[in-house]
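I'd like to go over a predicted model; first the sequence, then the structure.
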Amino acid sequence: MSLHVRFDAITKDFGPVQVLHGVSFDIAPGTVLGLLGENGAGKSTLMKILSGYERPSGGTLSIDGEARAFRSSRDAEDAGVVLIHQEFNLAEDLTVAQNIFLGREKRRGWRLDDPGMRRAAQEALGAVGLAVDPDTRVRDLIVAEKQLVEIAKALSRSARLLVMDEPTATLTPSESQRLFGLIRSLRAQGVTIVYISHKLDEVARITDEIVVMRDGRFVMRGPTAQHSRQQMANLMVGRELSNMFPVRRRPEPAAPLLAVRGLNVPGWARDVSFEVRPGEILGFAGLVGAGRTELFEGLLGLRAREGGTVEIEGQAVAFADPRAAARAGLTYLSEDRKGCGLHVRLPLQDNLTLMDLDRHAHPWLDRRSEAAALTRAVADFGIRTRDLGARAGALSGGNQQKLAMAKVLQPGPRVVVLDEPTRGVDVGAKRDIYFLIDQVAAEGRGVVVISSELMELIGLCHRVVVMRAGTVQATLDADHLTEEELIAHATGTH
Amino acid sequence: MPPAPTDSLTPPIGIDPTAPAPARRGGTPWRQRLRETGPIAGLVLLCIAGTLLNPDFATWDNAMNVLTRTAFIGIIAVGMSFVIISGGIDLSVGSMAALIAGCMILVMNALAPHIGSPVTAVLLGMAVALVLGASFGLAHGLLITKGRIEPFIVTLGTLGIFRAYLTYFANGGAITLDGTLSDVYSPVYYASWLGIPVPIWVFAAMALAGAFLLNRTRYGRYVQAIGSNEQVARYSAVAVDRVKILTYVLLGCCVAVATLLYVPRLGSASPTTGLLWELEAIAAVIVGGTALKGGEGRILGTVIGAVLLSVISNLLNLTSIISVYLNAAVQGFVIIIVAFLQRGRR
């Protein structure tokens, strides 16, 4: 039942760039293996080779002692290896049952055997503990349910090794708990699981063993229990990582820069009030779906809003769109970097200056002044790039995020809202971003940080607003900021 | 921003030779090169072939003839570039040109007896044409942005509407410009300045203005940003609706200008006026290297694309290799082949 994977001197290059330099290790059958590494360490490429999406340039992959060269993900699937993507591979308009059997439909003669597939889908859903009708369209499921459908789909194809890439990135804590329960029961059934995550607390909790990769090379393996989170982080980065967070400064007592009172965003947020003062980092905590992102989208005019007042530096404002907000001194960086944050196909320069073109137009666009702005931003924000003319999509996740931050700060906003500023960013870049956020606040701007990472909010923020189901549950100051308090308010168990 | 913290893990440096190389996305280099140099190379090859096939091809007169004919489609294609780069499409331009031509002639004919000065009547008619073009474009833009209808559907609808109204106004026949007006108006098409016909000057001016607008103004940058990813543009404080509406207004004005130049050529408008111009204009934009999905494009490419299509049609006329009746078929093949070469760019 369990299967034994062995990587032997696997190399991979994309043209002149070598991303894997001879990686060798085994995955013990029936265990949960945490695969750790910064962005660009090569772990995703290695897993793509394992699951048939990429082919190695050299070395051998053997499964149960037999050398295998998968030509497609389907080949790998036949051997029992399935990769659960971060962005799911589900056809949104098909039903759950149709998705589970996509490409392997059961037939009765010429016709599809719908009742048979529905029954089998029901069983597969039962195995992952998901109680939805197999006839539900995938579009109508929430993210956590889609993920379970993916897993059910893999299991129905008799997967014996599942690769999970950041599976909890979009799950709430209770959904994550359910997933961990499922992972444990799968392991008990002999399924091997490779678990990739930047969240080291999860890795510590759920995995039996860890393998650390760095710069395309295998660094070490060992039992999870013998490594602290700090040790894991140090191994990933390859040097001592001390103080992740900047020293907290006390903001000067001053009149609020942004004051929101009684704001409603129909369907998402009710009667929300908060203030941000100069130099203050205000956190927003809450579960996925608590309405934090939607609250700010409503504030910016991206969604309908009702009632309430918004003041910037004492002036009443009501934004029709983000343009009006930016003019009044409020900018927002979306949590969805590729969908709403950056033009990945456009050059760095066009991305950086898009919100501040007025400054570079007299009235014709001045390329040189734009280029100067880019040079400055690259230095100030520590953006690592080989080529200033590159497209934004060519940067690594952390550097894209720094570019996106530089972009929303270009117009010189009084208040900047950063939604999940470190999502999908490796631990070194995370630290850079924390220090950058602190710098922005030190300049006397107000900063709002929406985050699902409690440690980040606790380490960085002066105060944290906790939302649950669209309402503000509590506003905690630095003295009361603990994980327990935040979770209690966020889940309504205080 | 002051400098980043000095104890940051990533040293704040500019170009970083150790940074990961740009990932291989967004088209391999040869595709990029093909998109930029392909149209001009194709044009050069066609001209060489034309010179070899027929001695009349490489003459000044023939060149001026080809460029004058290019002017109408070329001017429309300049406007179309903005629409396509912003991620839209306009299928109605041929019908719009026909309706504008018909209305303009009707207005000129009607005004001439009352005003006395045929020149004033012609000028007023031209003004009406520009107002009509801008209004049609505005209507498209509003339906597409505020009405949230796909540009394909909106302009497919007006493609039918515009031509039907022209046919109705013309009673199924032709609307013809009065003789005296025609004499006053004809220099707009037939006159030359420095040996180059007026339509070519206008085309050159419109293309230069278009290139300038696209590359050197905020508006042009916003057009590219919206075509590249509308949602990102919206979140980046770009007035998306306004910019998109303006692209259609701009195109409407381009259609009107093209019509102004075209009407004096024949002095009439009929249900076949501007037939398949949408095909030619969109083909010119695509052949010129603009991605149909939006985001990237160059006006110079569009100009070359338009000239290239005219040269093909001119060669069909001058040689007997392919029947001139197959002109539209050749254009159709060219657009499909170019789209094929562009495919796979994610």
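Structure's in. What do you need? Numbering: from 1, shown residues only, chains lettered A, B, ... in the order given.

Quick check: pLDDT value at the residue of the stretch 251-400 of chain A found nearest chain B.
Per Cβ to the nearest Cβ, A:Ala394 is where the stretch 251-400 of chain A lies closest to chain B, at 3.2 Å. (C-beta placed from N, C-alpha, C; glycine too.) Predicted confidence (pLDDT) for A:Ala394: 84.

Test of understanding: give the bridge partners of the closest residue to chain B within the stretch 1-150 of chain A.
Residue nearest to chain B within the stretch 1-150 of chain A: A:Val17 (4.6 Å; Cβ to the nearest Cβ). Following DSSP bridges, A:Val17 is listed with bridge partners A:Phe14.

Number of residues surrounding it?
A:Val17: 13 surrounding residues under other Cβ atoms under 10 Å in any protein chain shown.

what's the offset of whichever helix or strand A:Arg368 is part of from the middle of its chain?
If you go by DSSP states H and E, A:Arg368 is part of helix A:367-380. Relative to its parent chain, helix A:367-380 has a centroid offset of 28 Å by Cα atoms, centre = their mean, to the nearest Å.

And the next helix or strand after that helix, what does it pack against?
Scanning forward in sequence from helix A:367-380 by DSSP H and E, the next helix or strand is helix A:397-409. Helix A:397-409 makes packing contacts with strand A:330-333, helix A:348-353, helix A:367-380, strand A:415-419, helix A:427-442 when contacts are defined by 3 or more Cβ pairs under 8 Å, 6 or more residues apart in numbering or on different chains; DSSP states H and E.

could I get these as TSV with mean pLDDT, distance to chain B and mean neighbour count?
Below are the helices and strands packed on helix A:397-409 laid out as TSV (pLDDT from 0 to 100; distance: least, Cβ to the nearest Cβ, whole Å; neighbours: other Cβ atoms under 10 Å in any protein chain shown):
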stretch	mean pLDDT	distance to chain B	mean neighbour count
strand A:330-333	94	7	26
helix A:348-353	93	7	25
helix A:367-380	92	4	17
strand A:415-419	95	10	25
helix A:427-442	90	4	22
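
Those: which one's closest to A:Arg178?
Smallest distance to A:Arg178 across these (Cβ to Cβ): 25.2 Å, for strand A:415-419.

Using CSV, write out every CA atom in the closest one.
The C-alpha coordinates for strand A:415-419 follow below in CSV (Å, rounded to 0.1, in the frame of the first residue of the first chain):
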residue,chain,number,x,y,z
VAL,A,415,-2.4,55.9,5.6
VAL,A,416,-1.6,52.7,3.8
VAL,A,417,-3.5,49.5,4.1
LEU,A,418,-1.5,46.3,3.6
ASP,A,419,-3.6,43.2,3.2
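
burial of the residue of the stretch 251-400 of chain A closest to chain B, as a residue count?
For A:Ala394, the neighbour count with other Cβ under 10 Å is 23.

what does A:Gly190 give?
By other Cβ under 10 Å, 12 other residues sit near A:Gly190.

Can you read off the backbone torsions of the residue with the largest distance to the centre of chain A?
Here chain A reaches farthest from its C-alpha mean at A:Gly109, the gap being 44.8 Å by Cα atoms, centre = their mean. Note on A:Gly109: its backbone torsions stand at phi 70, psi -130 [degrees, to the nearest 10].

again with the one 3 residues further on
Dihedral angles phi and psi of A:Leu112 (degrees, to the nearest 10) take the values phi -70, psi 140.

Could you find the closest non-adjacent residue to it?
Spatially, and ignoring its direct neighbours in sequence, A:Leu112 is nearest to A:Glu105 (5.6 Å; Cβ to Cβ, 6 or more residues apart in numbering or on different chains).

hang on, the one you found packs against A:Met117?
Yes - at 6.9 Å, A:Glu105 and A:Met117 qualify as touching, with contact defined as Cβ atoms under 8 Å.

Who has more neighbours out of the two?
For A:Glu105 and A:Met117, the more surrounded residue by other Cβ under 10 Å is A:Met117, and the numbers stand at 21 against 13.

can you map out the helices along the stretch 151-300 of chain B?
Using DSSP state H, counting those that start in this stretch, the helices found in the stretch 151-300 of chain B span residues B:151-169, B:179-185, B:187-190, B:198-216, B:218-228, B:230-235, B:240-266, B:277-287, B:299-318.

Mind pulling the model confidence for the residue nearest to A:Leu112?
The model reports A:Glu105 with a pLDDT of 85.

That one should be in a helix, yeah?
No - counting by DSSP: H, G, I helix; E, B strand; the rest coil, A:Glu105 is not found in a helix; it is coil.

and it, how far is that from A:Ser158?
17 Å (Cβ to Cβ, to the nearest Å).

Please report the number of neighbouring residues for residue 229.
No chain specified, so I'll use chain A. By other Cβ under 10 Å, 13 other residues sit near A:Arg229.

wrong one, I was asking about chain B
By the measure other Cβ under 10 Å, the count of residues near B:Asn229 is 23.

Which residues lie in contact with it in this structure?
The neighbours of B:Asn229, taking Cβ atoms under 8 Å, 6 or more residues apart in numbering or on different chains as the test, are A:339, A:343-345, B:295.

now the residues you listed as JSON lines including pLDDT, distance to B:Ile144 and secondary structure?
Putting these into JSON lines (pLDDT from 0 to 100; distance: Cβ to Cβ, whole Å; DSSP: H, G, I helix; E, B strand; the rest coil) gives the following:
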{"residue": "A:Gly339", "pLDDT": "85", "distance to B:Ile144": "21", "secondary structure": "helix"}
{"residue": "A:His343", "pLDDT": "92", "distance to B:Ile144": "21", "secondary structure": "coil"}
{"residue": "A:Val344", "pLDDT": "88", "distance to B:Ile144": "25", "secondary structure": "coil"}
{"residue": "A:Arg345", "pLDDT": "88", "distance to B:Ile144": "22", "secondary structure": "coil"}
{"residue": "B:Gly295", "pLDDT": "81", "distance to B:Ile144": "17", "secondary structure": "coil"}
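
Now a ChimeraX select for only the buried ones of the residues you listed.
The following ChimeraX line selects those of the contacts of B:Asn229 that are buried, judged by 16 or more other Cβ atoms under 10 Å in any protein chain shown:
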select /A:343,344,345 /B:295
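
what's the pLDDT at residue 266?
Since no chain was named, I'll use chain A. pLDDT, A:Pro266: 89.

The intended chain is chain B.
Reading off the model, B:Leu266 has pLDDT 85.

Measure how buried the closest residue to A:Ala152 other than its chain neighbours is and give me the count.
The shortest distance from A:Ala152 to any non-neighbouring residue, by Cβ to Cβ, 6+ apart, is to A:Ala124 (4.2 Å). When neighbours are counted by other Cβ under 10 Å, A:Ala124 registers 24.
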